[in-house]
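K.L.:
Generate a structure from the sequence data that follows.
(one chain, ligands or ions: 2)
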Amino acid sequence: MLSIGSPSDPPLFEVSAPMADPRGPDTLEGVARVYFAHRSTRVILASLIPLVGVRIWLGAWRPWDAGIALITTAAWPFFEWIFHIVIHLRPTRILGVTFDPLPSREHRLHHVDPTIVDHTLMPPHTLFLMAVASVVGFGLLLGPGLGVTAAICLHLGGLANGWTHLLTHTRYRPRSRFYRWVRRTHTLHHFKNEGYWFAFTGPFVDVLFGSHRDPTEVPTSPACTARSSAHAGPSVPSEEMVSGRRRIGAEKELSDEVDQLGA
Ligand SMILES: [Zn+2]
Ligand SMILES: [Zn+2]
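P.N.:
Ligands and ions are numbered 1, 2, ... in the order given. Prediction:
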């Protein structure tokens, strides 16, 4: 459904690991420890917390603050969906220069091995740039008060995106019907065909735009043909892939890190 290459193009990656690390956390508390210890989450928080302080200090609340919160809440699932498609586009050559941005490269690594947190969450560099762009852009567009409100809403969307995505890549079993839907569609995106099911927090966007299909009617993509072996057991990615990368299963190391920061 999407131009991430024609069926004759060689796949840009091959799935080689399961959806979740079999040694990883299976409770909300365990996943939250991993999530809040990660530097990607901390980049968002380091920007969000001062922004909330600035917004309170600025005062002069208007009905449009609530309006902006409602609009960004409604628009966020669409933004995520578009962003996810963009990072799946094949590298392109423009004027002799190959355009293949960092979030795209990191996302391909995430598809190769979905158990590595560093690739599941957005790269800290990208989050930093998005935080700066949201503050400057919304500030210029809406002025100081409403601009900061809009930037705060975007940061909250980023937190929701990272949390939802990470949760789908753990052994945590969702109880709510909605979250079971989120997990199922994201699993299909990883193990059936990466050209469908792009939503994170709002799978209804896939329904609206036709990327939510009956999986029996969707061909298994070449990248997903290793699906059965990927499901067979714990992942064994190459050393190069894992080198310096933190895995979801590394709960002990992460909780130690949290303890040290709290000390
Ligand atoms: Zn994923
Ligand atoms: Zn993807």
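K.L.:
Check what pLDDT H107 gets.
P.N.:
Looking at H107, its pLDDT reads 95.
K.L.:
quick one: low-confidence ranges for the stretch 151-263 of the chain?
P.N.:
226-263 (pLDDT under 70).
K.L.:
Would you map the helices across it?
P.N.:
Secondary structure of the stretch 151-263 of the chain (DSSP state H, counting those that start in this stretch): helices located at 177-191, 204-209, 227-232, 239-242, 251-262.
K.L.:
What residues of the first one count as buried?
P.N.:
Think helix 177-191. By neighbour count with 16 or more other CB atoms under 10 Å, helix 177-191 contains the buried residues Y179, V182, R183, T185, H186, T187, L188, H189, H190, F191. For every residue, glycine as well, the C-beta is placed using N, CA and C.
K.L.:
Likewise for stretch 49-58?
P.N.:
L51, R55.
K.L.:
same deal with stretch 31-46?
P.N.:
Applying 16+ other CB under 10 Å to stretch 31-46 flags V31, R33, V34, Y35, A37, H38, S40, T41, V43, I44 as buried.
K.L.:
What is the end-to-end distance of it?
P.N.:
20 Å (CA to CA, to the nearest Å).
K.L.:
what's the closest residue to T73 other than its chain neighbours in contact with, if anything?
P.N.:
Nearest residue to T73 in three dimensions, chain neighbours excluded: C153, at 7.1 Å (CB to CB, 6 or more residues apart in numbering). Residues in contact with C153 (CB atoms under 8 Å, 6 or more residues apart in numbering) are I68, A69, T72, T73, W76.
K.L.:
One more pass at 7 Å, please.
P.N.:
I68, A69, T72 (CB atoms under 7 Å, 6 or more residues apart in numbering).
K.L.:
of the residues you listed, buried ones?
P.N.:
Buried among the contacts of C153 (16+ other CB under 10 Å): I68, T72.
K.L.:
Could you tell me which of the contacts of C153 belong to helices?
P.N.:
I68, A69, T72 (DSSP state H).
K.L.:
what's the spacing between H88 and F13?
P.N.:
Distance from H88 to F13, counting by CB to CB, to the nearest Å: 10 Å.
K.L.:
count of residues packed around R62?
P.N.:
11 (other CB atoms under 10 Å).
K.L.:
which residues sit in contact with it?
P.N.:
Contacts of R62 (CB under 7 Å, 6+ apart): none.
K.L.:
gap between it and V148?
P.N.:
For R62, the distance to V148 - CB to CB - is 12 Å.
K.L.:
For stretch 96-114, list every residue counted as buried.
P.N.:
P103, S104, E106, H107, R108, L109, H110, H111, V112, D113, P114.
K.L.:
what does stretch 156-175 give?
P.N.:
156-158, 160-172.
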